[in-house]
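Enquirer: This is a predicted model, with the sequence first.
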2 protein chains.
Amino acid sequence: MHHASDILFTLFIVFVAAQIGGEIAQRLKLPGVVGEIAAGCVIGPSLLGWISLDQIATGTPLDVLAEIGVVLLLFAVGLETRLEDLKKVGKVAFVVGVIGVLVPFGMGSVWAHGNGFNWDRSLFVAAAFVATSAGITARVLQELGALQRIESKVILGAAVIDDILAMLLLGVVVSLQAGGSFNASHLLLVLASAVGFIAVIGWGGARVMRWNSNWLERPLGPHSPLMIVLALCLGLAYLSTLFGLAAIIGAFLAGMIASETRQQHTLEQQTKPLLALLTPFFFVITGSKIDLHELASADALLMLTVVTVIAIISKFVGGWLGALSLGQRSATIIGFGMVPRGEVGIVVATLGLAAGVFDNRIYAIIVAMSLLTAMVTPPVLAWLLKRGGGSGDTVDVPDVEG
Amino acid sequence: MHHASDILFTLFIVFVAAQIGGEIAQRLKLPGVVGEIAAGCVIGPSLLGWISLDQIATGTPLDVLAEIGVVLLLFAVGLETRLEDLKKVGKVAFVVGVIGVLVPFGMGSVWAHGNGFNWDRSLFVAAAFVATSAGITARVLQELGALQRIESKVILGAAVIDDILAMLLLGVVVSLQAGGSFNASHLLLVLASAVGFIAVIGWGGARVMRWNSNWLERPLGPHSPLMIVLALCLGLAYLSTLFGLAAIIGAFLAGMIASETRQQHTLEQQTKPLLALLTPFFFVITGSKIDLHELASADALLMLTVVTVIAIISKFVGGWLGALSLGQRSATIIGFGMVPRGEVGIVVATLGLAAGVFDNRIYAIIVAMSLLTAMVTPPVLAWLLKRGGGSGDTVDVPDVEG
C-alpha cells in the first residue's frame, strides 16, 4: 500500500513550496508567480534537491501535471477573451507578433555569429530567442485583473502569431542544420495548415457556441458544461500539437470558444479551483529547471547577462515598435508583455543540444535566459500596469446570449 | 514542441471515455461511476488498447492522476462528514468494520485451502478478500446526495476501521509467508501508531479548526483557504501512507478537519470542479486494469464467479451482522456498501504474485474479483437507497461557528 507515498510527498512539497513562494512574493508586492518560480529554483536540483532532475524530465508525472496546469491556465485566459475583441486589435497584434519575432531573431543570430558560430548554427541559436511564452504574461495579467485591457488583448493575439512564426522558424533552422534544402512550398503548407487550424477552430467554434450553447446542458451529469469544455480544451490542446503549434494555443482557442456561451460566467468560476490546484506545478517545475551549477563561473555569468539583455531588449523593441500606433505607454506595456520566453526557448535549446549545435554551457545559458526573462517580466509588467500607464481602455464586451 | 502531444491525447481519450461511459450509465439509470469503470475496460488493454498496460503502471502520469483523483474524492467526502457524526455511529461502525473483516477473511481462507493452498498461503489469498475500497461507495453515496444518511456515516467510519485491520492482516500474512515468526508486540505497535495517528489528527485537527479557522484567510492569495486545505490533504494523504494506511484515509481526515471550518461551504463548492476533472481518471484506470484475456476460459470464469460470490456474500454478511442494531433495512444498505474491494485487493494480489504465492491466473481472478465487486455495488446500492430503505435518518449537523 506504499507505492503512492513517494509521489504524494513530492506533490505535497511542490504544492506547499508554491504557496510559500507565492505568499512571500505578494508580501514583497511582487506577482505571486515570481515566488512560485523562485520556490521551484530553491527546492529543485540546483539548491535543496528535494525534487530531482529525473522527476521533472519529459513525460514524468510532475511534467504532465505542469503541462495540464499551463493548458488550463491558457484555457482560463481564453475564457476571458472574446473573438470580437481579438478582431478589433487584430492588425496591431499581427504587427507586434511579426516584428517581435524578426528583431530577436536578427539580434540573436548576429550575437551568435559574433561568438564564433557559423551562420547555419547561428540561426539555430537565434531561434531560441524568438518564441514568447504566453503563460507567464497571462498569469500576471490575470493576477492583476488586467485581462480586459486592450494591451492584454494585443499581447494574447500577438502570442498566437508569434507561436506560428516560431514554429515555422524552428522548422527552417532544423532543416538547414540537418543539411536539408530550404523547401519553401513545404513551409507554406505548414504555415497554411496552422493558420487554417486556428481560423477554422477559432472562428467556426465561436460561431457555433454563440448560435446555441444549450446543448452543453443536455448530458445528465451535474457539471456537464464544464466537462464538455474541458474535453474540448484537452482535445484542441492535442490537435494544435499535431499542427506543430504549442498545446497552449489549442487550450486558448478552446477557452475563447467557451467564452461565447451563456454558461461563460459559471465556467469561469469553476475553472478557478482547477487553476489553483494545477498551475503551481507549472511554475514550480519551470523554476526547478534552472541549473545554477553550469552558471557558476564569471565567464558564464557574463555571457548569460549579455544573452538575457539581448533577449529582453530585442523582444521589447520589436513589440514596442509594432504597438506604437496605440501610443507610447501602451506600446511599452505590450513590448514588455512579450518578453518572457519560458518553455519554447528550452525546447529549442534541447533540440540544439541533441543535434550537437550547442555544448552544455550554451544549453544552460539559453535555458537560464529563457527563465530569467520569465522572472524579470512579472514585476516590471505589474509595475507598468499599476502606475496607470497605457491607454487603460478596456475592449467593450458585447452582450451575446445563446 | 511535440513532446507533450502523446500524453495530451491519452488524457483526452480517458476523459472523454469517462464522460461517455458516465452518460450512458446514467441514461440506463445506473450510477455514473459504473459507466466510467466500464469505459476504462473498453478502452483499456483488454479490448481497444487505446491505453496500454505500460501507461497505467505504478508511478506513470495516469496512475498519479488517478491517485490524485481518489485522494480528492475522499477529501470531498470528508468535507461532508463531521467528527461528531462519526462519533455518534462509532460503536456500530467499529462492529461493522471488525465483523466485516473477519467473515471475508475466514471464508476466503477456507475457500483457498479447499483449492489446494496450504494454510500460510490460504491466509495470504484471504487477505485479498478483506479490505473495502471506500472510493466506489463514497462516489455512489455522493452521486445520490446520500452522504448525510446515518448508513453513510457508518460505512465511512467502518471503512477507516477496516483499513486499519486490513493493514495489520496484510502485515501478518506477509511475514508468515516469508517464514517470519508472528511478532505480536510489533503488531501491537503498528496498530497503536495507526490508531494514534487517526485519533490525534482527526480529533486534534477538528478541535483546532472548530476553535478558530480565521487564519485560513490570512495569506494574500485569492484562494487561500482552499490552498491551505489542499496542502493539508496532500500532506495527510502522504503521512497516512507512512503509518501503513491508505492515502485516502489521510485525505478523508483532512476533509473532515476542513468540514469544521466556517469556510466549509465555499470549500465544498470549490472542490467540485476538481473532482469533475480528476476522479474520472481514477475510475477509468481502475476499469482498464481488468484483464479479460486471462479470464477467457470456462474454468477461469467459473472460479471467478465463485470467488466473486464469496467475496460479496462474506462482506455483506459481515457488515449486515455488525449493523443489525440499526434495523434490517439499514443493515442491508451498510452490508452492501462495504462490498467493493478495488485497489487494496489489487495491491494484495500484486504482492502475492511477486512473492510467488499466486500464479497469473489466480492473480487475474483476484484482480477481476476486486473490480467486479466494485462494478456490482453501485447499481445495487443506488437501488437500495432509492427505494427508501433504511432508517432514512440523517445525522444532525450541529451549527458550529469558528
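Expert: Nice, thanks for sending it over. Residues are numbered from 1 along each chain as shown, chains lettered A, B, ... in the order given.
Enquirer: contacts and neighbour counts: CA atoms only from here.
Expert: Will do.
Enquirer: ok, and for stretch A:87-102, which residues are buried?
Expert: A:89-102 (16 or more other CA atoms under 10 Å in any protein chain shown).
Enquirer: who touches it?
Expert: A:130-131, A:150, A:153-162, A:165-166, A:314-323, A:325, A:338 (CA atoms under 8 Å, 6 or more residues apart in numbering or on different chains).
Enquirer: Among those, the buried ones, what's the ChimeraX command?
Expert: Typed into ChimeraX, the line below selects the buried ones among these, using 16+ other CA under 10 Å:
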select /A:130,131,150,153,154,155,156,157,158,159,160,161,162,165,166,314,315,316,317,318,319,320,321,322,323,338
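Enquirer: What is the nearest of the buried residues of stretch A:87-102 to chain B?
Expert: residue A:101 (17.3 Å; CA to the nearest CA).
Enquirer: Pull up the gap between that closest one and residue B:297, please.
Expert: The spacing between residue A:101 and residue B:297, counted by CA to CA, to the nearest Å, is 63 Å.
Enquirer: follow-up on the earlier one: now tabulate the buried residues of stretch A:87-102 in JSON lines and tack on secondary structure and pLDDT.
Expert: Converted to JSON lines, the buried residues of stretch A:87-102 look like this (DSSP: H, G, I helix; E, B strand; the rest coil; pLDDT from 0 to 100):
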{"residue": "A:89", "secondary structure": "coil", "pLDDT": "89"}
{"residue": "A:90", "secondary structure": "helix", "pLDDT": "88"}
{"residue": "A:91", "secondary structure": "helix", "pLDDT": "92"}
{"residue": "A:92", "secondary structure": "helix", "pLDDT": "94"}
{"residue": "A:93", "secondary structure": "helix", "pLDDT": "93"}
{"residue": "A:94", "secondary structure": "helix", "pLDDT": "93"}
{"residue": "A:95", "secondary structure": "helix", "pLDDT": "95"}
{"residue": "A:96", "secondary structure": "helix", "pLDDT": "95"}
{"residue": "A:97", "secondary structure": "helix", "pLDDT": "93"}
{"residue": "A:98", "secondary structure": "helix", "pLDDT": "94"}
{"residue": "A:99", "secondary structure": "helix", "pLDDT": "95"}
{"residue": "A:100", "secondary structure": "helix", "pLDDT": "93"}
{"residue": "A:101", "secondary structure": "helix", "pLDDT": "93"}
{"residue": "A:102", "secondary structure": "helix", "pLDDT": "94"}
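Enquirer: Quick one: list the elements packing against the helix or strand of chain A with the lowest mean pLDDT.
Expert: Comparing every helix and strand of chain A by mean pLDDT, DSSP states H and E singles out helix A:343-354 as the least confident one, with a mean of 74. Judged by 3 or more CA pairs under 8 Å, 6 or more residues apart in numbering or on different chains; DSSP states H and E, the packing partners of helix A:343-354 are helix A:119-127, helix A:360-386.
Enquirer: can you put those helices in TSV and add distance to chain B and mean neighbour count?
Expert: Below are these laid out as TSV (distance: least, CA to the nearest CA, whole Å; neighbours: other CA atoms under 10 Å in any protein chain shown):
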stretch	distance to chain B	mean neighbour count
helix A:119-127	13	24
helix A:360-386	15	22
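Enquirer: Of all those, which one is nearest residue B:346?
Expert: The minimum distance between residue B:346 and these falls on helix A:360-386, with 42.8 Å, by CA to CA.
Enquirer: Neighbours of the residue of chain A found nearest chain B, how many?
Expert: Nearest residue of chain A to chain B: residue A:61, at 4.1 Å (CA to the nearest CA). Neighbourhood size, residue A:61 [other CA atoms under 10 Å in any protein chain shown]: 21.
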